[in-house]
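**Student:** Take a look and give me a structure for this.
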Amino acid sequence: MCPENESETLVEAALRVLNTEDPFEKARLGDSVASKWLDGTITLPYNPSLDLPVPDRPARLTNVKLVSPSLMPKLGKAGSLQSRQAIVHSIVHTESWAIDLSWDIIARFGKQEAMPREFFTDFVKVAQDEGRHFTLLAARLEELGFSYGALPAHDGLWDSAIATSKDLLSRLAIEHCVHEARGLDVLPATISRFRNGGDNKTADLLETVVYPEEITHCASGVKWFKWLCLRSRNPALFQDSLASLEHEAGENGCAIEENEVVIQKFHAIVRTYFRGPLKPPFNEAARKAAGFGPQWYEPLAIKEAAPDCQLVN
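**Tutor:** Next up, the predicted model:
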């Protein structure tokens, strides 16, 4: 690992995180970089004169056996120790990719799309949260008698990242407004299952740390998706800084029109990049807290969910 350089930019530091194989070290390094950005030690988001290559796939250890999502074993309902281990292992794996996704969006798109400083700060905070989630849940998995890598996993999240690697709008829509929003849908049921299985420690961790922070992560995706859509319609307004998404449309008396344009763009992207319809039931309260209501996702949903539909994270 290269020594930390006090003069490096945020994108250079993000690339160091992406090129770190061990997920525990990745989380630790990411936390350090995030702290330095947030306290002002790292001052520049990127060097405008440098075009730094972003890896197609972040460095990863090979201790996790990867299988197709269709070949993943059933996780169960947290009623047994084996089921609880499997569910926590699945979430830990998801969080390991969430770390990489957060740093990748900074390194891949920040300079390319000339994003404002607030964009970098929002996703630095997301990255720091995801690293903390990984570390806490991996430690909990150890307490349950397993370690990360003990079970197979799939890399569906990174498959979506590859598919959206050329377009920030698509990345925000699929990773943050579809996949992360799906996490908001299933987490309450997952928490209930751990409580019903007598595992209040895991339930508390998911309920008090992971769940509320995942709402803010989804909110960041929605926020910047809206911002990019509106910037494309009025570049001068958004050229230098983050305009209020509520204010800028209202000033022109076209908030409804602008919102419809944004939602139509979202629908078009999801239909292009996401296979199949979205799966209800939806966590409407959490999605609303993240900044998007039913008009975003219900037109993309299965018309009627099966009455015995199971929520398995």
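
**Student:** how far away is the closest residue to residue 129 other than its chain neighbours from residue 229?
**Tutor:** Closest residue to residue 129 apart from its sequence neighbours, by CB to CB, 6 or more residues apart in numbering: residue 213 at 4.7 Å. C-beta here means a position set from N, CA and C on the backbone, and glycine is covered the same way. As judged by CB to CB, to the nearest Å, residue 213 and residue 229 stand 25 Å apart.

**Student:** returning to what we had before: is it true that the residue nearest to residue 129 touches residue 136?
**Tutor:** No - using CB atoms under 8 Å, residue 213 is not in contact with residue 136, being 11.0 Å away.

**Student:** Would you map the helices across this structure?
**Tutor:** 10-18, 23-38, 81-109, 117-143, 156-163, 168-171, 180-196, 200-205, 211-233, 245-251, 255-273, 284-289, 294-297 (DSSP state H).

**Student:** Can you lay out those as a markdown table showing mean neighbour count?
**Tutor:** Putting the helices of the chain into a markdown table (neighbours: other CB atoms under 10 Å) gives the following:
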| stretch | mean neighbour count |
| --- | --- |
| helix 10-18 | 24 |
| helix 23-38 | 20 |
| helix 81-109 | 24 |
| helix 117-143 | 21 |
| helix 156-163 | 16 |
| helix 168-171 | 21 |
| helix 180-196 | 20 |
| helix 200-205 | 17 |
| helix 211-233 | 21 |
| helix 245-251 | 15 |
| helix 255-273 | 16 |
| helix 284-289 | 16 |
| helix 294-297 | 18 |
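
**Student:** Rebuild those helices as a markdown table, extending it with mean pLDDT and distance to residue 73.
**Tutor:** Output for the helices of the chain, formatted as a markdown table (pLDDT from 0 to 100; distance: least, CB to CB, whole Å):
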| stretch | mean pLDDT | distance to residue 73 |
| --- | --- | --- |
| helix 10-18 | 98 | 30 |
| helix 23-38 | 98 | 22 |
| helix 81-109 | 96 | 7 |
| helix 117-143 | 98 | 16 |
| helix 156-163 | 89 | 15 |
| helix 168-171 | 97 | 30 |
| helix 180-196 | 96 | 17 |
| helix 200-205 | 98 | 19 |
| helix 211-233 | 94 | 24 |
| helix 245-251 | 46 | 43 |
| helix 255-273 | 85 | 27 |
| helix 284-289 | 97 | 28 |
| helix 294-297 | 96 | 29 |
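
**Student:** a markdown table for those helices, including distance to residue 60?
**Tutor:** Shown next, in a markdown table, are the helices of the chain (distance: least, CB to CB, whole Å):
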| stretch | distance to residue 60 |
| --- | --- |
| helix 10-18 | 10 |
| helix 23-38 | 8 |
| helix 81-109 | 8 |
| helix 117-143 | 13 |
| helix 156-163 | 9 |
| helix 168-171 | 19 |
| helix 180-196 | 20 |
| helix 200-205 | 24 |
| helix 211-233 | 21 |
| helix 245-251 | 36 |
| helix 255-273 | 23 |
| helix 284-289 | 30 |
| helix 294-297 | 31 |
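
**Student:** which stretch among these comes nearest residue 63?
**Tutor:** When those are compared by CB to CB, helix 23-38 sits nearest residue 63, at 9.6 Å.

**Student:** If you count contacts, what does the closest one end up packed against?
**Tutor:** Under the contact criterion of 3 or more CB pairs under 8 Å, 6 or more residues apart in numbering; DSSP states H and E, helix 23-38 touches helix 10-18, helix 81-109, helix 117-143.

**Student:** mind giving me JSON lines with those and columns for distance to residue 262?
**Tutor:** Shown next, in JSON lines, are those (distance: least, CB to CB, whole Å):
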{"stretch": "helix 10-18", "distance to residue 262": "27"}
{"stretch": "helix 81-109", "distance to residue 262": "18"}
{"stretch": "helix 117-143", "distance to residue 262": "17"}
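
**Student:** out of the ones you listed, nearest to residue 152?
**Tutor:** That would be helix 81-109 among the helices and strands packed on helix 23-38, by CB to CB, at 9.1 Å.

**Student:** Remind me what the closest one packs against, helices and strands.
**Tutor:** Using 3+ CB pairs under 8 Å, 6+ apart, helix 81-109 sits against helix 10-18, helix 23-38, helix 117-143, helix 156-163, helix 168-171, helix 180-196.

**Student:** Ok, which of those helices comes nearest residue 79?
**Tutor:** Smallest distance to residue 79 across the helices and strands packed on helix 81-109 (CB to CB): 7.3 Å, for helix 180-196.
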